[in-house]
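Engineer: generate a structure from the sequence data that follows.
(chains A, B, C and D)
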Protein chains: 2
Amino acid sequence: MGHIHSPTAMPDDVSEPAVCAACAVRNSSLCGALSSEEIADLNGISRRKSLRPGQVHVMEGDPALDFANVTQGVAKLLRGAEDGRQQIVGLLLPSDFIGGVMGDKGKVEPCTIEAVSDLELCIFPRDRFQTLLDRYPALERKLLERTLNELQLARDWMVLLGRKTARERVATFILHVARKMRDHGCHGPVGFDLPLARSDIADHIGLTIETVSRQITLLRKDGIIDMKGARHIVSCDMDALSEASGF
Amino acid sequence: MGHIHSPTAMPDDVSEPAVCAACAVRNSSLCGALSSEEIADLNGISRRKSLRPGQVHVMEGDPALDFANVTQGVAKLLRGAEDGRQQIVGLLLPSDFIGGVMGDKGKVEPCTIEAVSDLELCIFPRDRFQTLLDRYPALERKLLERTLNELQLARDWMVLLGRKTARERVATFILHVARKMRDHGCHGPVGFDLPLARSDIADHIGLTIETVSRQITLLRKDGIIDMKGARHIVSCDMDALSEASGF
DNA sequence: GGGACGATTTGATCTGAGTCAATTTTCGCG
DNA sequence: CGCGAAAATTGACTCAGATCAAATCGTCCC
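Structural biologist: Sure thing, here's the model as predicted:
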């Protein structure tokens, strides 16, 4: 049924570009700001990129070449020193947007972005995307709202890193993940997996692997969380977690 | 020379509203995105607000009622717990913009904003300001750029709070202040004042008053900074500070 | 100038989290 | 199912920064 020149095999004619129409994050991502007609412009400049766990999408300090949407998988945003110390400053889940700098060419990426799981991105060249921001105010407004939201999250995390105890940090982290998973519909009736290994959790909440491990053990002993294996959370008492997370 | 009906005493007729024309941050603030004609709209909805040190402009959790520019003075953005622990998540200097939430009414302020020195604000009602954002894309673009910049700063601070030593934190703080003062032209040939007391510095960089004090003493002994009194920095070796600040 | 209160510095001691070093568990894979 | 490597846990000990407790400094006001 599809046209011979269709960019990808699609079930049928649709009122919006085939690729975007089939996109898992068509509505939950920034793209939700655009109508079916408008999104053709975006589709026209997008390309796909797949990464395996551990692969780096962009490196801190590299020239900033493009924006992107996460369509599948989990990535970490991190900043690091030469001596191995690193801080994970954000997690990227499906429908999250990547693009920390606006304006002229010559700007550089502020953070390294590394795939944690198999990762699928939908990439847009910087200059062309900025043109679209000019054309579609709703897109720019949504980007502003998301950026303000990120700022909010970053400041929450500053409180965690600056003032919380180890137990509070771990509880906060699990609470955040549990909520994100619920909101993204990523957890079945049998709970959900932690998206990060202990070493990444440690780098995210400003502790060491050992301390993270000890605190998780304590939360289990206290009956606040129930786990199967090291990564899978079977259930957690949200109220108790909230209580344990401080503030 | 001025007209009788001028809102404030102004030297002469000008092509833009008297109040904005006289504003110390007319060009360095968000308002710099607007032409002399356009800014009349902003001027029409603005009002002034003065606060003394320690007074609170908005409280974390209050309904978000307006946006504002800082025209004079220093304020701190903070989030806190009931038990007295608090984290300063940002500093506001002249020309900085206040407005952490977009969208519908009913949203609440994410942070408390408290004056550190005598503070002058130029305030805009939320809904009316948002209307102007719709009308002037350049204004919205500039707000987006500033917000991305804030996000960048917040993430830098996450690295500091999550991974830096006490010495590195204090050096980083002084370096930041020195740069801000330089950029804002706020320091004369005889150096500049630290905008915060020890207790606020401690709340900003996630340490205690005592540790901040000790580290400042050490930086002085190392000849990296030279001070007169507890608040005035006479000179500082920017390279050595940068070196000491890590990363 | 002097008194007084708050801010800062300094000192002594304590402690939560880090470090170093083994285990033990998990999990992919033949 | 069982092997092996990587990840996670656990234990013993250390240490950077917190806490508690005095001095000392600054500065505002009379």
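Engineer: for the spatially most central residue of chain A, what are its contacts?
Structural biologist: With distances taken as CA atoms, centre = their mean, residue A:92 lies nearest the centre of chain A, 1.2 Å away. Residue A:92 makes contact with A:70, A:74, A:75, A:76, A:77, A:98, A:113, according to CB atoms under 8 Å, 6 or more residues apart in numbering or on different chains. Every residue, glycine included, has its C-beta placed from N, CA and C.
Engineer: you'd agree residue A:81 is up against residue B:163?
Structural biologist: Yes. Counting by CB atoms under 8 Å, residue B:163 is a contact partner of residue A:81 at 7.5 Å.
Engineer: between these two, which is the more surrounded one?
Structural biologist: A count of neighbours by other CB atoms under 10 Å in any protein chain shown puts residue B:163 above the other of residue A:81 and residue B:163, at 21 against 14.
Engineer: got the angle between the biggest helix by length in chain A and helix B:137-163?
Structural biologist: Selection of the longest helix in chain A by residue count, based on DSSP state H, yields helix A:137-163. Using axes from the mean of the first three to the mean of the last three CA atoms, to 10 degrees, the inter-axis angle of helix A:137-163 relative to helix B:137-163 is 20 degrees.
Engineer: mind giving me the packing neighbours of helix A:137-163?
Structural biologist: With contacts defined as 3 or more CB pairs under 8 Å, 6 or more residues apart in numbering or on different chains; DSSP states H and E, helix A:137-163 has these neighbours: strand A:86-92, helix A:126-135, helix A:166-183, strand B:75-80, strand B:86-92, helix B:137-163.
Engineer: in contact with the nearest residue to residue A:130 once chain neighbours are set aside, which residues?
Structural biologist: The shortest distance from residue A:130 to any residue other than its chain neighbours is 7.1 Å, reached at residue A:102 (CB to CB, 6 or more residues apart in numbering or on different chains). Residue A:102 makes contacts with A:130, B:141, B:144, B:145, B:148, as judged by CB under 8 Å, 6+ apart.
Engineer: just send the residues you listed back as a markdown table, with neighbour count, pLDDT and distance to DNA strand D too.
Structural biologist: Shown next, in a markdown table, are the contacts of residue A:102 (neighbours: other CB atoms under 10 Å in any protein chain shown; pLDDT from 0 to 100; distance: CB to the nearest atom of the strand, whole Å):
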| residue | neighbour count | pLDDT | distance to DNA strand D |
| --- | --- | --- | --- |
| A:130 | 18 | 95 | 38 |
| B:141 | 19 | 95 | 40 |
| B:144 | 20 | 96 | 35 |
| B:145 | 16 | 96 | 34 |
| B:148 | 21 | 97 | 30 |
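Engineer: neighbours around the residue of chain A at minimum distance from DNA strand C, how many?
Structural biologist: In chain A, the residue that lies nearest DNA strand C is residue A:211 (3.1 Å; CB to the nearest atom of the strand). As a burial measure, residue A:211 scores 17 neighbours (other CB under 10 Å).
Engineer: same question for residue A:222.
Structural biologist: Residue A:222: 12 surrounding residues under other CB under 10 Å.
Engineer: so how far is residue A:237 from it?
Structural biologist: 9 Å (CB to CB, to the nearest Å).
Engineer: ditto for residue A:159
Structural biologist: 22 Å.
Engineer: of those two, who's got more company?
Structural biologist: More neighbours surround residue A:159 than the other of residue A:159 and residue A:237, with 25 against 15 (other CB under 10 Å).
Engineer: quick one on the thing from earlier: part of a helix, is the residue nearest to residue A:130?
Structural biologist: No. Counting by DSSP: H, G, I helix; E, B strand; the rest coil, residue A:102 falls outside a helix, being coil.
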